[in-house]
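> Got a predicted structure here, sequence first:
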Amino acid sequence: MRQRSSRAAAALAGAALMFGGVGVAIASAGKAAVDPARAVHEKLIVLDTHFDTPANLGRPGWSIMDRHVAVTDGDQVDYPRMVEGGVDGGFFAIYTPSGPRTPEGDRAARDFGIQRAVQIREMVAKHSDVFSLALTADDAQKAVAAHKRFVFVSMENGYPFEGDLTLMRTFRALGVTMMSPVHFKNNDLADSATDAPEWHGLSPKGKQFIAEANRLGIVIDVSHASDDVLRQAVELSKAPIILSHSGMRVIHDHPRNVSDADAKLVAAKGGVIQINAYSAYMVAAPAPDPARDAAMKALMAGFMRMDSMSVADKRALMAQRKAIEAEYPAPRANFAMFMAHLLHAIRLVGIDHVGISGDFDGGGGIDGLNDITDYPKVTAALLHAGYTPADIGKVWGGNALRVLREAQALADPAAVPKVPVTN
């Protein structure tokens, strides 16, 4: 890990001074301090571009209509907290873990992806009084006007369609409007940011993925992709691209974060960098500790069964996690660090090219920003930093919706399948 630059250190120090106590200050200042920022927040379309919440949809006894508690349940997104946090909607991700790059593996990933897409649609249909499936930016605005929460569908990892790119159209017909080619491990489409180079960017099939996404009006998401993939996607795509949940590398040097130079490339293409709140990408990992590492490895094996885990079982797993963290304390990112990433991005590429995603229900969550009920703090902090409500509206949803509009405007109308909607 390289030594943090003086510019990054100054940004962190400044953010800590400005925002380290913003939640406490706002809470203690009384109603006069709370209402103006919250009033601004409620007038905006607040959109998170990466919810991993669909992983909960098949769990016995779990309902998105119940209010969960992050510290005990480990769950960070549900309908009651969307209302409490003033969150209007988001991209609900079909996350498929990497697996064998074989015909059998591809078929299993395809089936998994289709099942998850159906679960998302069933959730919306079951609760159509409060949720609405969104296929376009206009759909999101209509949902807000109808006092509903909008649900876009995205795909994290191209594993379900890497064996047959015609499946991209199948997933588009299921409502998917954003796709990323790769996750933690390389696949047949692209190199991952967290794996050794194999293709040195996009594979030949990965380049076809870019063209097909453009043809179908699908937003291309390069979070988790290598730097070479990002640059090649910017070059090859006709439409703007997005990083749905990433950070700024100059603030913390991690391969999942984007460099200033590459962020400028994304912005020059009209794209957006969505700043996330994932602690491991914001603070250095603790020194190796065999006992702690063994305990965490066993714990993570438990989390791999989350699809079938009851609410009680997950609470027990969360209690184990808290006990391990208490025995082996590790650094954890905080709200000031998040704001350092966010403000640096805005100053670097401009207010039109930055957004927000907590990476909630997928490992995100930091001190002071641990679930979606904390999102009004971000609005308050941006107001405190001198940004206008119009500026903040771009960051909270306007920029991402613009990218979606532009991607869909460039699509081939004859190629885009009709998507049946039951809201």
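Arrived safely, thanks for sending.

> in the chain, what spans have low per-residue confidence?
Under the criterion pLDDT under 70, the flagged ranges of the chain are 1-35, 422-423.

> for the longest helix anywhere in the chain, packing partners?
Longest helix of the chain, by residue count under DSSP state H: helix 103-126. Where contact means 3 or more CB pairs under 8 Å, 6 or more residues apart in numbering; DSSP states H and E, helix 103-126 is packed against strand 89-95, strand 131-133, strand 149-156, helix 167-173. All C-beta spots, glycine's among them, are computed from the backbone N, C-alpha and C.

> Would you reformat those as a markdown table and include mean neighbour count and distance to N186?
Formatted as a markdown table, the helices and strands packed on helix 103-126 follow (neighbours: other CB atoms under 10 Å; distance: least, CB to CB, whole Å):
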| stretch | mean neighbour count | distance to N186 |
| --- | --- | --- |
| strand 89-95 | 27 | 17 |
| strand 131-133 | 23 | 32 |
| strand 149-156 | 26 | 15 |
| helix 167-173 | 20 | 19 |
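
> So what's the residue count around G350?
13 (other CB atoms under 10 Å).

> try D106
So D106, with other CB under 10 Å, has 21 neighbours.

> Would you agree it is in contact with Y159?
Yes - counting by CB atoms under 8 Å, D106 does reach Y159; the two are 7.5 Å apart.

> Please name the residues that touch D106.
Contacts for D106 (CB atoms under 8 Å, 6 or more residues apart in numbering) come out as Y159, P160, E162, G163, D164.

> how does this structure divide into domains?
36-285+331-410, 288-329 (the TED database).

> So which of the ones you listed is nearest K418?
Closest to K418 of the domains of the chain, according to CB to CB: domain 36-285+331-410, at 7.5 Å.

> now do the same end-to-end measure for that closest one.
39 Å (CA to CA, to the nearest Å).

> Now do the SS call for the residue nearest in space to the middle of the chain.
Residue closest to the mean C-alpha point of the chain, counted by CA atoms, centre = their mean, is H50 at 2.6 Å. Classification of H50 using DSSP: H, G, I helix; E, B strand; the rest coil returns strand.

> I220 now?
With three-state DSSP as the basis, I220 sits in strand.

> picking up where we left off before, looking at the contacts of D106, state which has the most neighbours.
Neighbour counts for those peak at Y159, which has 29 neighbours (criterion: other CB under 10 Å).

> how near is it to A411?
As judged by CB to CB, to the nearest Å, Y159 and A411 stand 24 Å apart.

> Neighbours of A390, how many?
Using other CB under 10 Å, A390 has 10 other residues around it.

> Can you get me a residue count around the nearest residue to Q208 once chain neighbours are set aside?
Nearest residue to Q208, sequence neighbours excluded (CB to CB, 6 or more residues apart in numbering): L165, at 5.8 Å. Number of residues near L165 (other CB under 10 Å) recorded here: 17.

> one step back: got the domains of the chain as JSON lines, with distance to P417 columns?
Converted to JSON lines, the domains of the chain look like this (distance: least, CB to CB, whole Å):
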{"stretch": "domain 36-285+331-410", "distance to P417": "4"}
{"stretch": "domain 288-329", "distance to P417": "28"}
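
> To V416, which of those lies closest?
Of all the domains of the chain, domain 36-285+331-410 comes closest under CB to CB, at 5.6 Å.

> For stretch 74-93, list the C-alpha coordinates in CSV.
Only the C-alpha atoms of stretch 74-93 are listed here, as CSV (Å, rounded to 0.1, in the frame of the first residue of the first chain):
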residue,chain,number,x,y,z
GLY,A,74,-27.3,-7.3,9.7
ASP,A,75,-29.9,-6.0,7.3
GLN,A,76,-29.7,-2.4,6.1
VAL,A,77,-32.6,-1.9,3.6
ASP,A,78,-36.3,-2.4,4.0
TYR,A,79,-39.5,-0.5,3.3
PRO,A,80,-39.9,1.1,6.7
ARG,A,81,-36.4,2.4,6.7
MET,A,82,-36.7,3.6,3.1
VAL,A,83,-39.5,5.8,4.4
GLU,A,84,-37.6,6.8,7.5
GLY,A,85,-34.4,7.7,5.5
GLY,A,86,-36.3,9.5,2.7
VAL,A,87,-35.0,7.0,0.2
ASP,A,88,-37.2,6.9,-3.0
GLY,A,89,-35.7,3.8,-4.6
GLY,A,90,-32.7,2.2,-6.1
PHE,A,91,-31.1,-0.4,-8.2
PHE,A,92,-31.7,-3.8,-6.6
ALA,A,93,-28.8,-6.0,-7.6
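
> Name the residues of that stretch that are buried.
74-79, 81-93 (16 or more other CB atoms under 10 Å).

> Could you do stretch 186-202 as well?
N186, N187, D188, L189, A190, D191, S192, A193, D195, W199, G201, L202.

> Check stretch 127-141 too.
H127, V130, F131, S132, L133, A134, L135, A137, D139, A140, Q141.

> is it true that F184 touches T194?
Yes - with contact defined as CB under 8 Å, F184 and T194 form a contacting pair (5.2 Å).

> okay, and the common contacts of these two?
By CB under 8 Å, 6+ apart, the residues touching both F184 and T194 are H224.

> Now the closest residue to T72 other than its chain neighbours: phi and psi?
Nearest residue to T72, sequence neighbours excluded (CB to CB, 6+ apart): R315, at 5.6 Å. Backbone geometry at R315, expressed as degrees, to the nearest 10, gives phi -60, psi -40.

> okay, now R315: neighbour count?
17.

> wait, it sits on D73?
Yes - using CB under 8 Å, R315 makes contact with D73 at a distance of 6.0 Å.

> Tell me which stretches of the stretch 201-350 of the chain form helices.
Here the stretch 201-350 of the chain has its helices, by DSSP state H, counting those that start in this stretch, at 204-216, 227-236, 260-268, 290-303, 311-327, 335-349.

> How far away from the center of its chain is the longest one?
Here the centre of helix 311-327 is set off from its chain's centre by 24 Å, with CA atoms, centre = their mean, to the nearest Å.

> And it, what does it pack against?
helix 70-73, helix 290-303.

> just checking, what packs against the first one?
For helix 70-73, the elements it packs on are helix 311-327, judged by 3+ CB pairs under 8 Å, 6+ apart.

> ok, and for the helix it packs on, which residues are buried?
V311, D313, K314, R315, L317, M318, R321, I324.

> Kindly report the same for stretch 208-215.
Using 16+ other CB under 10 Å as the test for burial, stretch 208-215 gives F209, I210, E212, A213, N214, R215.
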